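Student: Coordinates only, no sequence provided:
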């Protein structure tokens with residue numbers, strides 16, 4: 001009986017084939033730069049949820065506070081509006097994490113995008129690490145090329161690089 005059940009299971013596996021995964025997987029990026037400034041100086045610029053003046057193209061920010069769960073509306077110079085939630089603000093660890101609340105594929109080709117920036121002292125300089133976690137812009141199978149995994153990663157990395165470039169321009173980069 002056991003042998004017959006094993007044979008039946010093997011036949012079913014051949015007929016039905018392997019289980020296929022579906023939908024997108026959570027993607028992640030990480031970019032780093034060493035800035036030519038003390039960590040407190042860099043934190044003084046990026047460590048405020050209610051101030052994004054350091055990020056290029058930001059026209060205004062309206063925030064409900066600076067505690068976990070606070071939200072902000074970031075209006076860009078081109079009229080784009082980005083709604084975000086503060087997930088974590090840890091000045092003692094030089095860490096800030098945010099979540100983009102609305103999908104805006106014109107801003108970033110990703111959904112459920114979370115950003116996490118940390119700073120670490122590097123011999124009087126600042127090691128900045130900017131991580132992103134997100135899903136591609138098209139949640140179904142067979143996404144169009146501009147909304148697939150590669151496009152999402154490239155879009156998030158470009159967004160981070162915009163901020164990194166602004167900080168490098170402001171503080172300089174350690175080669």
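Tutor: Perfect, I can see it now. Predicted model, so just to flag it, every value in this text is computed and none were measured. Numbers count the residues shown, from 1 in each chain.
Student: show me what contacts the most centrally placed residue in the chain?
Tutor: Nearest to the mean C-alpha position of the chain, by Cα atoms, centre = their mean, lies residue 132 at 2.5 Å. Residues near residue 132 by Cβ atoms under 8 Å, 6 or more residues apart in numbering: 28-30, 110, 113-116, 156-157, 159-160. For the C-beta atoms, the positions are set from N, CA and C on the backbone; glycine is no exception.
Student: which of those residues count as buried?
Tutor: Those of the contacts of residue 132 that meet the buried threshold are 29, 110, 113-116, 156-157, 159-160, by 16 or more other Cβ atoms under 10 Å.
Student: quick one on the thing from earlier: what helix or strand is the residue nearest to the centre of the chain on?
Tutor: Residue 132 is part of strand 125-136, with elements assigned from DSSP states H and E.
Student: Report the buried residues of that strand.
Tutor: Using 16+ other Cβ under 10 Å as the test for burial, strand 125-136 gives 125-128, 130-136.
Student: chain center to it, what's the gap?
Tutor: Mean-position distance between strand 125-136 and its chain equals 7 Å (Cα atoms, centre = their mean, to the nearest Å).
Student: Tabulate the buried residues of strand 125-136 (a markdown table), appending distance to residue 69.
Tutor: As requested, those are exported to a markdown table (distance: Cβ to Cβ, whole Å):
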| residue | distance to residue 69 |
| --- | --- |
| 125 | 33 |
| 126 | 28 |
| 127 | 28 |
| 128 | 25 |
| 130 | 22 |
| 131 | 21 |
| 132 | 21 |
| 133 | 19 |
| 134 | 20 |
| 135 | 22 |
| 136 | 27 |
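Student: Save those residues as JSON lines, and put in distance to residue 60 and pLDDT too.
Tutor: JSON lines is the format used below for these (distance: Cβ to Cβ, whole Å; pLDDT from 0 to 100):
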{"residue": "125", "distance to residue 60": "31", "pLDDT": "98"}
{"residue": "126", "distance to residue 60": "27", "pLDDT": "98"}
{"residue": "127", "distance to residue 60": "30", "pLDDT": "98"}
{"residue": "128", "distance to residue 60": "24", "pLDDT": "98"}
{"residue": "130", "distance to residue 60": "23", "pLDDT": "98"}
{"residue": "131", "distance to residue 60": "26", "pLDDT": "98"}
{"residue": "132", "distance to residue 60": "24", "pLDDT": "98"}
{"residue": "133", "distance to residue 60": "27", "pLDDT": "98"}
{"residue": "134", "distance to residue 60": "25", "pLDDT": "97"}
{"residue": "135", "distance to residue 60": "28", "pLDDT": "96"}
{"residue": "136", "distance to residue 60": "30", "pLDDT": "95"}
